[in-house]
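J.: When you get a sec, could you give me coordinates for this:
(chains A and B)
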2 protein chains.
Amino acid sequence: MSGWLKIIGLGAGNRQFLTPQAQEILHSATDIVGYETYVNMVPSFIQAKRHASDNGVEVERSEYALELAAGGAKVAVVSGGDAGVFGMAAAVFEAVAQNPGKWLGLDIEVIPGITALLAVAARIGAPLGHDFCVVSLSDYLKPWEIIRKRLIAASEGDFVLAIYNPASKTRREQLKDAIDILTGLRGGETIAIVATNVGRQQEKITITRLSAIDTEIITMQSMLIIGSSHTRLIERGQGAEPWVFTPRFYKPNP
Amino acid sequence: MSGWLKIIGLGAGNRQFLTPQAQEILHSATDIVGYETYVNMVPSFIQAKRHASDNGVEVERSEYALELAAGGAKVAVVSGGDAGVFGMAAAVFEAVAQNPGKWLGLDIEVIPGITALLAVAARIGAPLGHDFCVVSLSDYLKPWEIIRKRLIAASEGDFVLAIYNPASKTRREQLKDAIDILTGLRGGETIAIVATNVGRQQEKITITRLSAIDTEIITMQSMLIIGSSHTRLIERGQGAEPWVFTPRFYKPNP
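T.: Okay, the predicted model is just below:
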């Protein structure tokens, strides 16, 4: 059998981000497996059979993909952005680790993609010009206490902070708690970016301050970037949004 | 005048990572500006005039590129990986901020790329499956004290830690200090990855433990990934390197 399983990041929303490597794999795949939203992002000229599933069943989806590949299929497991950053890659290896003997001989590869963090940063300037942290605010798989601890640690280190999965339809209170913690530690004037549907037609990016974030506009498709003490704006005037950047140099605050 | 300046990430070493968006811009550019190593990464069929400069002159290079664009040139400023992650994007905005009135009308855009962090993670499994921090170890533009503070904060939050610019030919002591700090806080058994020249022909990736890192193999072209308390290996046997992954779920250590 010559099956394989490749876990691909499709890039953040926009086909302009789909790398040549990922394109080549999509062309040679016999089967595409993923969350419905991402399976639908695969260009329509790709002929492979599509297996779309619901959100929240990542390990089951991984086992299904592993079984297909073990049976000789050429399987592309797709994620938005980068599959290694809160995407399908960890779920596939969790499935492999649960039953390591079973899949050891299988040809598995991860193919990187443009994660939302990089796409959002590029749209607004260079907010990640300095050291940064990346946190998922979802407490579906980890306790809220470790998330709180990380928000505090990231603030103590004066890191720029990127927040994935800030809220869902039902998970709203954690976001308010997080903004309270960050405002207390960094100050309400800290620069904050709310980006929703980056790379898609409905893309909406708001540059604001921690104390002025409108949590109502934050959805499952949003991510946040919270500045460090050094992150700053360059006003452009004439109705244009300012540039946001974090200088490469760092002087301790007085 | 119809000049513009686009700051492009070429991806980590490998042309397979060069996005369609970045390719399109390289095709329409009249001038390419960058550190020699990255200018040489631009495919040879790109016809634009090349302006290569030495390392360490990022603001001067940015001003040169801005002047070219203001004069009507279509300028691609190139970085390896992603230009926003320890690349040229912050340097360009620093130059703009120093003299904001001068460049306000200029068409400036940042184009994301596959940064080394994502390329290395993909090669070895899914080490970034959970929250992570990214730190440059270079104290050329920031005091060593803030770097130490961040290594400590990232360890207190039990973040996976990616380290860019771990050492140069002359900057070696900081790396040893950093490994000492991290070993003290995370334990010598913590998983550590040393990746050099990722995406290039000379690529070399070593999966080891914090206490066993051979600092002699770490160069300007290296990056490190240090695991959290939950990062683990899946042994594959038969001479294959193990997979490395950080599960999406998190249980506090007893």
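
J.: Secondary structure element holding residue A:78?
T.: Residue A:78 is located in strand A:74-79, with elements delineated by DSSP states H and E.

J.: what sits up against whichever strand or helix holds residue A:32?
T.: Under the criterion of DSSP H and E, residue A:32 resides in strand A:31-35. For strand A:31-35, the external contacting residues (Cβ atoms under 8 Å, 6 or more residues apart in numbering or on different chains) are A:26, A:39, A:42, A:46, A:48-55, A:61, A:64-65, A:68, A:73-79, A:88. From N, CA and C alone the C-beta is placed, and that goes for glycine too.

J.: which among the residues you listed end up buried?
T.: Of all these considered here, the ones buried according to neighbour count by 16 or more other Cβ atoms under 10 Å in any protein chain shown are A:26, A:39, A:42, A:48, A:51, A:53, A:61, A:64-65, A:68, A:73-79, A:88.

J.: In its sheet, which strands sit next to the strand holding residue A:32, and in what direction?
T.: Strands flanking strand A:31-35 in the sheet, each with its direction: strand A:49-53 (parallel), strand A:74-79 (parallel) (DSSP bridges).

J.: I'd like the ones you listed laid out as CSV, including mean pLDDT.
T.: Formatted as CSV, the entries for those read as follows, by pLDDT from 0 to 100:
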stretch, mean pLDDT
strand A:49-53, 96
strand A:74-79, 98
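
J.: just the helices in the stretch 1-150 of chain A please.
T.: Listed in chain order, the helices of the stretch 1-150 of chain A (DSSP state H, counting those that start in this stretch) span A:20-28, A:36-39, A:58-70, A:88-98, A:100-103, A:116-124, A:144-156.

J.: interface residues of the stretch 151-254 of chain A facing chain B?
T.: With Cβ under 8 Å from any Cβ of the partner chain as the criterion, the stretch 151-254 of chain A comes near chain B at residues A:152-154, A:156-159, A:232, A:234-237, A:243, A:245-250, A:252.

J.: what residues are up against the nearest residue to residue A:4 once chain neighbours are set aside?
T.: Spatially, and ignoring its direct neighbours in sequence, residue A:4 is nearest to residue A:107 (4.0 Å; Cβ to Cβ, 6 or more residues apart in numbering or on different chains). Residues counted as contacts of residue A:107 (Cβ under 8 Å, 6+ apart) are A:3, A:4, A:5, A:69.

J.: pLDDT of stretch A:101-116, averaged?
T.: Here the mean pLDDT over stretch A:101-116 is 94, rounded to a whole number.

J.: now do the same end-to-end measure for that stretch.
T.: One end of stretch A:101-116 to the other measures 35 Å (Cα to Cα, to the nearest Å).

J.: try stretch A:121-131
T.: Between the opening and closing residues of stretch A:121-131 we find a distance of 13 Å, counting by Cα to Cα.

J.: and stretch A:212-232, which residues are buried?
T.: The neighbour-count check on stretch A:212-232 (16+ other Cβ under 10 Å) flags A:213, A:218, A:221-232 as buried.

J.: Just send those residues back as JSON lines, with distance to residue B:202 too.
T.: Conversion of the buried residues of stretch A:212-232 to JSON lines gives the following (distance: Cβ to Cβ, whole Å):
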{"residue": "A:213", "distance to residue B:202": "46"}
{"residue": "A:218", "distance to residue B:202": "44"}
{"residue": "A:221", "distance to residue B:202": "40"}
{"residue": "A:222", "distance to residue B:202": "40"}
{"residue": "A:223", "distance to residue B:202": "35"}
{"residue": "A:224", "distance to residue B:202": "38"}
{"residue": "A:225", "distance to residue B:202": "34"}
{"residue": "A:226", "distance to residue B:202": "38"}
{"residue": "A:227", "distance to residue B:202": "37"}
{"residue": "A:228", "distance to residue B:202": "35"}
{"residue": "A:229", "distance to residue B:202": "39"}
{"residue": "A:230", "distance to residue B:202": "35"}
{"residue": "A:231", "distance to residue B:202": "36"}
{"residue": "A:232", "distance to residue B:202": "39"}
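
J.: Out of these, which sit inside strands?
T.: When those are checked against strands using DSSP state E, the ones located there are A:222, A:223, A:224, A:225, A:226, A:232.

J.: Who are the contact partners of the nearest residue to residue A:109 once chain neighbours are set aside?
T.: Closest residue to residue A:109 apart from its sequence neighbours, by Cβ to Cβ, 6+ apart: residue A:6 at 4.8 Å. Remark: with contacts taken as Cβ under 8 Å, 6+ apart, residue A:6 is in contact with A:25, A:29, A:75, A:76, A:77, A:108, A:109, A:110, A:111.

J.: sorry, back to before: what is the most widely separated pair among the contacts of residue A:107?
T.: Between any two of those, the greatest separation by Cβ to Cβ is 7.5 Å, found for A:3 and A:5.

J.: And the residue in the stretch 101-250 of chain A positioned nearest to chain B, its phi and psi?
T.: Residue nearest to chain B within the stretch 101-250 of chain A (Cβ to the nearest Cβ): residue A:129, separated by 2.7 Å. Dihedral angles of residue A:129 (phi, psi; degrees, to the nearest 10) stand at phi -60, psi -10.

J.: Quick check, pLDDT for it.
T.: Predicted confidence (pLDDT) for residue A:129: 92.

J.: Endpoints of stretch A:152-167, how far apart?
T.: First residue to last in stretch A:152-167 (Cα to Cα) measures 19 Å.

J.: other SSEs contacting the host helix or strand of residue A:181?
T.: Counting by DSSP H and E, the element that carries residue A:181 is helix A:173-186. For helix A:173-186, the helices and strands in contact under the criterion 3 or more Cβ pairs under 8 Å, 6 or more residues apart in numbering or on different chains; DSSP states H and E are helix A:144-156.

J.: Buried residues, the helix it packs on. List them.
T.: Of the residues in helix A:144-156, those buried by neighbour count under the rule 16+ other Cβ under 10 Å are A:146, A:147, A:150, A:151, A:152, A:153, A:154, A:155, A:156.

J.: Now tell me what touches the worst-scoring helix or strand of chain A on mean pLDDT from outside.
T.: Taking mean pLDDT, DSSP states H and E as the measure, chain A has helix A:100-103 as its least confident helix or strand, at a mean of 86. Residues from elsewhere that reach helix A:100-103, judged by Cβ under 8 Å, 6+ apart: A:66, A:70, A:95, A:96, B:234, B:235.

J.: Show me which positions of that helix end up buried.
T.: Within helix A:100-103, the residues that qualify as buried are residue A:103, counting by 16+ other Cβ under 10 Å.

J.: Please tell me I have it right and residue A:205 contacts residue A:122.
T.: No. Under the criterion of Cβ atoms under 8 Å, residue A:205 is not in contact with residue A:122, lying 10.9 Å apart.

J.: list the contacts for residue A:156?
T.: Under the criterion of Cβ under 8 Å, 6+ apart, the neighbours of residue A:156 are A:185, B:149, B:153, B:156.

J.: Next: residue A:76.
T.: Shown in contact with residue A:76 (Cβ under 8 Å, 6+ apart): A:6, A:8, A:25, A:26, A:29, A:31, A:32, A:33, A:48.

J.: hmm, try it at 6 Å
T.: Residue A:76 is in contact with A:6, A:8, A:25, A:26, A:29, A:32, counting by Cβ atoms under 6 Å, 6 or more residues apart in numbering or on different chains.

J.: Could you dump those into JSON lines and include pLDDT and distance to residue A:118?
T.: As requested, the contacts of residue A:76 are exported to JSON lines (pLDDT from 0 to 100; distance: Cβ to Cβ, whole Å):
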{"residue": "A:6", "pLDDT": "98", "distance to residue A:118": "21"}
{"residue": "A:8", "pLDDT": "98", "distance to residue A:118": "16"}
{"residue": "A:25", "pLDDT": "97", "distance to residue A:118": "20"}
{"residue": "A:26", "pLDDT": "97", "distance to residue A:118": "21"}
{"residue": "A:29", "pLDDT": "98", "distance to residue A:118": "25"}
{"residue": "A:32", "pLDDT": "98", "distance to residue A:118": "24"}
